[in-house]
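> Give the three-dimensional model of this entry:
(chains A, B, C and D)
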2 protein chains.
Amino acid sequence: MDTRTALLDSAERAARQRGFDAFSYADLARDVGIRKASIHYHFPLKADLAFGLIERYAARISERRAEIDREHQTAAGKLGAFLALYREALAEGTQLCLCVALSAGRDSLSPPVLEQLAEFHEDSAAWLEQVFTAAREDRSVIGLSDPQDEADALLALVEGAQLVARAAKDVTLFDRATAACRTRLAPTQLN
Amino acid sequence: MDTRTALLDSAERAARQRGFDAFSYADLARDVGIRKASIHYHFPLKADLAFGLIERYAARISERRAEIDREHQTAAGKLGAFLALYREALAEGTQLCLCVALSAGRDSLSPPVLEQLAEFHEDSAAWLEQVFTAAREDRSVIGLSDPQDEADALLALVEGAQLVARAAKDVTLFDRATAACRTRLAPTQLN
DNA sequence: GTCTATAGACTGATAGAC
DNA sequence: GTCTATCAGTCTATAGAC
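All right, here's what the predicted structure looks like:
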């Protein structure tokens, strides 16, 4: 595999497990099997690494959302898949999604990275709002309120659920925290 | 004021704004107006400082919950006050509550601190579960599902809402994320 | 592209005077 | 209790050989 990709993979794992500031080039070097000075060839500054991380992540998730749109017709189906995406990112309760991980330690991030992070967040919220708006039509979600409020609430819920589940090292906390939400989705559209 | 208290105040502010690992004894010393070596007299290890922080915080919040129980009779009133507590902790979108802040960087915390943090979280969940159970009787909250699920969901929601609101430096995101939740509370009991 | 070697800054923590 | 002085360890980042 490409060294750059190996570095991104290792850095993403570390950032999601322990935080972006909690791993060093020394950790990365050990993990990938090169010397730490060599990392600077691929990512001169650690800020470049952060940017590479969020850039790749945003592209990946954007693709996943398109996939969900293709595979699910109803709003309930899409929301179920969205929840599954965040649940899946938790692994066995050891990792946050990159977005939550970077948001948590945002004080040390460079402006371009913060910008990308904000943009990613807005994209997620906009997509969800659109899904909730569609839910008004297809009636696949019960108890609907304002689509924008619903979108912000669901995003906060999954991010918070990841946080508490990892804190307790217990994935089932994520499931309990999202249980009431899932019962609002029309049962035939859960997958 | 007591030096120890001044140190705890400064450390709490820093931890909630930037994370526990993102401030140093040097920062604290500058802020409080003593030399950094002197801090070690009050908190020999930084782990001792973390413990002092969470200990004081747990006691404070426990007292606040008792206050809420005294001042509000209905479940809806208590939940509204609970939401206000987390909203208030956000300040102007610059600070997380200490619980979220420490949870986010939990990898560097000592076992005793992790234990206290877990205990605090369980206490919060237990209190909420009790309130949601009471809501079944007084019917002040609409659309109730399982009390434990509701408790876990609300805790995840407020923690996630804090995270996204601070990330965007926009307190109103917290309000939007919790709007749908607030409409479930009987309107006469909002305060 | 990867290496050795090193710079320069900062970290938490300690010893010992006052 | 607070100070000065210092330690050993870490961090990101750079210079320059191969």
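> so where do the helices sit in chain A?
If DSSP state H is used as the criterion, the helices of chain A fall at A:3-18, A:25-32, A:36-42, A:46-71, A:75-89, A:98-104, A:111-138, A:147-167, A:171-182.
> As TSV, these with mean neighbour count and mean pLDDT would be great.
In this view, the C-beta of every residue, glycine as well, is placed from N, C-alpha and C. TSV is the format used below for these (neighbours: other Cβ atoms under 10 Å in any protein chain shown; pLDDT from 0 to 100):
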stretch	mean neighbour count	mean pLDDT
helix A:3-18	18	98
helix A:25-32	16	98
helix A:36-42	14	98
helix A:46-71	16	98
helix A:75-89	20	98
helix A:98-104	24	96
helix A:111-138	17	97
helix A:147-167	25	98
helix A:171-182	20	97
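> gap between the nearest residue to A:Ile68 once chain neighbours are set aside and A:Phe132?
Counting by Cβ to Cβ, 6 or more residues apart in numbering or on different chains, the nearest residue to A:Ile68 once its immediate chain neighbours are dropped is A:Ala81, at 4.5 Å. A:Ala81 sits 14 Å away from A:Phe132, taking Cβ to Cβ, to the nearest Å as the criterion.
> Same check on A:Leu163?
A:Leu163 sits at a distance of 23 Å from A:Phe132 (criterion: Cβ to Cβ).
> need the residues of chain A near DNA strand C, please.
A:Thr3, A:Ile34, A:Arg35, A:Ala37, A:Ser38, A:Tyr41, A:His42 (Cβ under 7 Å from any atom of the strand).
> now for the residues you listed, which pair is the farthest apart?
A:Thr3 and A:Ala37 (13.3 Å; Cβ to Cβ).
> Local confidence estimate at A:Gly105?
Per-residue confidence at A:Gly105 stands at 88 (pLDDT).
> One more: A:Ser108?
What the model reports as pLDDT for A:Ser108 is 89.
> List the residues that contact it.
Applying Cβ atoms under 8 Å, 6 or more residues apart in numbering or on different chains, we find A:Ser108 in contact with A:Phe20, A:Asp21, B:Arg18, B:Ala22.
> Out of the residues you listed, flag the one nearest to DNA strand C.
Ranked by distance to DNA strand C (Cβ to the nearest atom of the strand), the contacts of A:Ser108 are led by B:Ala22 at 8.7 Å.
> thinking again about what came up before, can you lay out the helices of chain A as JSON lines showing distance to B:Gly77?
What follows is the helices of chain A, written out as JSON lines (distance: least, Cβ to Cβ, whole Å):
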{"stretch": "helix A:3-18", "distance to B:Gly77": "39"}
{"stretch": "helix A:25-32", "distance to B:Gly77": "49"}
{"stretch": "helix A:36-42", "distance to B:Gly77": "55"}
{"stretch": "helix A:46-71", "distance to B:Gly77": "39"}
{"stretch": "helix A:75-89", "distance to B:Gly77": "31"}
{"stretch": "helix A:98-104", "distance to B:Gly77": "32"}
{"stretch": "helix A:111-138", "distance to B:Gly77": "29"}
{"stretch": "helix A:147-167", "distance to B:Gly77": "21"}
{"stretch": "helix A:171-182", "distance to B:Gly77": "21"}
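> among those helices, which is nearest B:Leu90?
Judged by Cβ to Cβ, the one of these that comes nearest to B:Leu90 is helix A:147-167, at 12.3 Å.
> and the angle for the closest one with helix B:111-138?
Between helix A:147-167 and helix B:111-138, the angle formed by their directions is 140 degrees, by axes from the mean of the first three to the mean of the last three Cα atoms, to 10 degrees.
> Residue in chain A with the shortest distance to DNA strand D?
Taking Cβ to the nearest atom of the strand, chain A has A:Ser24 as its residue nearest DNA strand D, at 3.0 Å.
> who's in contact with that residue?
A:Lys36.
> Phi, psi for it please.
A:Ser24 adopts backbone torsions of phi -120, psi 170, taken as degrees, to the nearest 10.
> check contacts around the residue nearest to the spatial centre of chain A.
Among the residues of chain A, the one closest to the centroid is A:Cys97, at 3.8 Å (Cα atoms, centre = their mean). Taking Cβ under 8 Å, 6+ apart as the contact definition, A:Cys97 lies against A:Arg16, A:Tyr86, A:Ala89, A:Glu159, A:Gln162.
> got the phi/psi numbers for it?
Backbone geometry at A:Cys97, expressed as degrees, to the nearest 10, gives phi -70, psi 160.
> does A:Lys154 really touch A:Cys181, like I thought?
No, residue A:154 isn't Lys; it's Leu. Yes. Here A:Leu154 reaches A:Cys181: they are 7.1 Å apart, a contact under Cβ atoms under 8 Å.
> So which residues make contact with stretch A:171-188?
When contacts are defined by Cβ under 8 Å, 6+ apart, stretch A:171-188 is touched by residues A:74, A:76-77, A:79-80, A:83, A:86-87, A:90, A:92-93, A:139-143, A:154, A:157-158, A:160-162, A:164-165, A:190, B:145-146, B:148-150, B:152-153, B:155-156.
> Thanks again, I'm all set now.
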